[in-house]
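Participant: Provided below are the primary sequence and the corresponding predicted coordinates.
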Amino acid sequence: MTTQKLAIFILLACVILLCFQPNTNAQEHETADFKITIENVRLPIPPQKGKKSKYYSLNDEVANLISEVAKQLNLYDIIVGIYMDSTSENQDSTITDKMIVNLKQIERFSEAIVVTATDIFQQGVPPEQDEAYFSIKDQIFKKDLQESNQQYSKNIQTQLTVYAQIIHIKTGDLLGSLNLEVLHTGGSLKKSKAKAMKLLKKKAIYELKSIYWFSTDLITTKNGMTGLPFGTSSGIKKGMLFELIEPDRIWTLDDEEFLAPGGSAGIATVVDTSADSCGLRILRQWRDLYPGSWAVEHPKKIFAIQLNFLPPSIDSYSNFSVYFQGRPLHDFDWGFGMQIIQVIDSFGDNDYGFGFGGYGIWRFFNMSRIDLGGKLGIDLDIPFRKDDDGRTVNTALFSAHIGLVAEFFLSARSDFVISAGYRFGVKSKNWEYSEDEETYSAYWENGSPEVDNSGLMFSIGYKHLLF
């Protein structure tokens, strides 16, 4: 009896194994099919044509955006495309032979960024809702979506998600992926989406920089200093600029996850180096640096435009100037530009004109919120007035100035500038005018008026960085 029971048990076990074997094979086959194998991609529709086409999709818009970012970062050996499986190829009427690219046949490109999925969700929200973070698991029923969009039609929240894969063209290997997620709150459906696309572009720039430019995690930040675990052996030199990036942060509240989007946090420069490490001094910082922050080399030069106003001082001279600065974040800086001037001459008349100038700055005190330096400059001013015959005449005023300049941080790209010092001018009373390509002296009945722009000077200004 015992033997019979054992035989029956073994027979039932065999039947059960046979029954479950096909299911096991089906699960393995499903997993294998789920893995995306990219051989062909569809090239995106050009934006200038796509906006007039009903086939222009969000995938095309995102692919064109990533392609624009790649060109901006000088990544000309990368092609951007859209993933197409057999189903979408049959359904999408935009597919032509010219739009399908076999990656292995493109020899002039080394890698491909393939947009595999995009998703956009828009809903109307109350104006007071905080947009500094958003719930990762936020779900709203469709029956409530139309009502919220109607109620808050001028305050639309747009959540945009993009998934892309980076493929080595010759080998077909998966090199990495891009997972981009941004949120913008405010404006109509169209305006909110446009703002979200701008945020997506900024985030794509940070991500591609971290992949293709020299980047690394930061060493502990303290007292305006930080560092990198790379040094002269990796080509790091003093004076190099690095952009500091704060990563996305995920935090939990009441068992719900929230995402605080990261982004550019500051600019730092290399001040000391060794073979395997280097120290960075933070020049500008507009966001906190949390653990996991990283730095990426900023190879492009940073310039600045400065608007400056010198109000009338004891010498009755004033000007409004526009200057271009060549090294606005370095210890040694230079600039040049032009100005509109006003000076009171010895007759008590207001003479107006224009001028040109240049200067150099040595910043000897630097913090992330304020710079202090010495300034030395030269100017050529040309005031105009009428002589006693009614002709428009002019003279030349040469001067040099020396002083101190303080730059106060306002935002990521702007400073408030104050300078004070003394101007050493050369007095002039030689007025002239031109006629028929000839130069003549001005006519004065009782002597010519004298102009002088020397004396104490104080100015205020606004500086905007270009990067």
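Facilitator: Sure, I can see it.
Participant: per-residue confidence for Ile205?
Facilitator: With respect to pLDDT, Ile205 scores 89.
Participant: element containing it?
Facilitator: helix 189-212 (DSSP states H and E).
Participant: buried set for that helix?
Facilitator: Across helix 189-212, burial judged by 16 or more other Cβ atoms under 10 Å covers 192-193, 195-197, 199-201, 203-212. Backbone N, C-alpha and C define where each C-beta goes, glycine included.
Participant: distance between that helix and the chain's centre?
Facilitator: 10 Å (Cα atoms, centre = their mean, to the nearest Å).
Participant: continuing past it, what's the next helix or strand?
Facilitator: strand 215-217.
Participant: and for that next one, what's in contact with it?
Facilitator: Strand 215-217 is contacted by residues 209, 228-230, 245, 292-297 when judged by Cβ atoms under 8 Å, 6 or more residues apart in numbering.
Participant: now, the residues you listed that are in helices?
Facilitator: Among the contacts of strand 215-217, the members falling in helices (DSSP state H) are Lys209.
Participant: list the contacts for Thr158?
Facilitator: So Thr158 contacts 120-122, 183-185, 189, 192-193, 195-196 (Cβ under 8 Å, 6+ apart).
Participant: Serialize those residues to CSV and add fields for pLDDT.
Facilitator: Output for those, formatted as CSV (pLDDT from 0 to 100):
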residue, pLDDT
Ile120, 92
Phe121, 91
Gln122, 89
Leu183, 87
His184, 87
Thr185, 87
Leu189, 88
Ser192, 91
Lys193, 92
Lys195, 92
Ala196, 92
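Participant: between those, which sits nearest Phe384?
Facilitator: Lys195 (47.7 Å; Cβ to Cβ).
Participant: would you mark the buried spots in the helix or strand hosting Val62?
Facilitator: If you go by DSSP H and E, Val62 is part of helix 58-72. Within helix 58-72, the residues scored as buried using 16+ other Cβ under 10 Å are 58-67, 69-70.
Participant: what's the angle from that helix to helix 189-212?
Facilitator: 50 degrees (axes from the mean of the first three to the mean of the last three Cα atoms, to 10 degrees).
Participant: which residues sit against helix 58-72?
Facilitator: 44-47, 50, 76, 78, 80-82, 113, 115, 118, 120, 162, 164, 178, 197, 200-201, 204-205, 208.
Participant: just the buried ones from the residues you listed?
Facilitator: Of those, these count as buried by 16+ other Cβ under 10 Å: 44-45, 50, 78, 80-82, 113, 115, 118, 162, 164, 178, 197, 200-201, 204-205, 208.
Participant: thinking again about what came up before, show me which of the contacts of Thr158 is closest to Glu437.
Facilitator: Using Cβ to Cβ, the contacts of Thr158 come closest to Glu437 at Lys195, 56.6 Å.
Participant: tell me who's in contact with the closest one.
Facilitator: So Lys195 contacts 158, 184, 186-187 (Cβ under 8 Å, 6+ apart).
Participant: what's the distance between it and Tyr323?
Facilitator: 32 Å (Cβ to Cβ, to the nearest Å).
Participant: can you check Lys104 too?
Facilitator: 53 Å.
Participant: what about those two, which has more around it?
Facilitator: Tyr323 (21 against 12; other Cβ atoms under 10 Å).
Participant: hey, where'd the helices end up in this structure?
Facilitator: 2-34, 47-50, 58-72, 86-91, 142-151, 189-212.
Participant: ok, and what's touching the second one?
Facilitator: Outside of helix 47-50, the residues that reach it under the criterion Cβ under 8 Å, 6+ apart are 44, 56, 60-61, 64.
Participant: can I get these in JSON lines with distance to Arg423?
Facilitator: As requested, these are arranged in JSON lines below (distance: Cβ to Cβ, whole Å):
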{"residue": "Pro44", "distance to Arg423": "58"}
{"residue": "Tyr56", "distance to Arg423": "60"}
{"residue": "Asp60", "distance to Arg423": "59"}
{"residue": "Glu61", "distance to Arg423": "55"}
{"residue": "Asn64", "distance to Arg423": "53"}
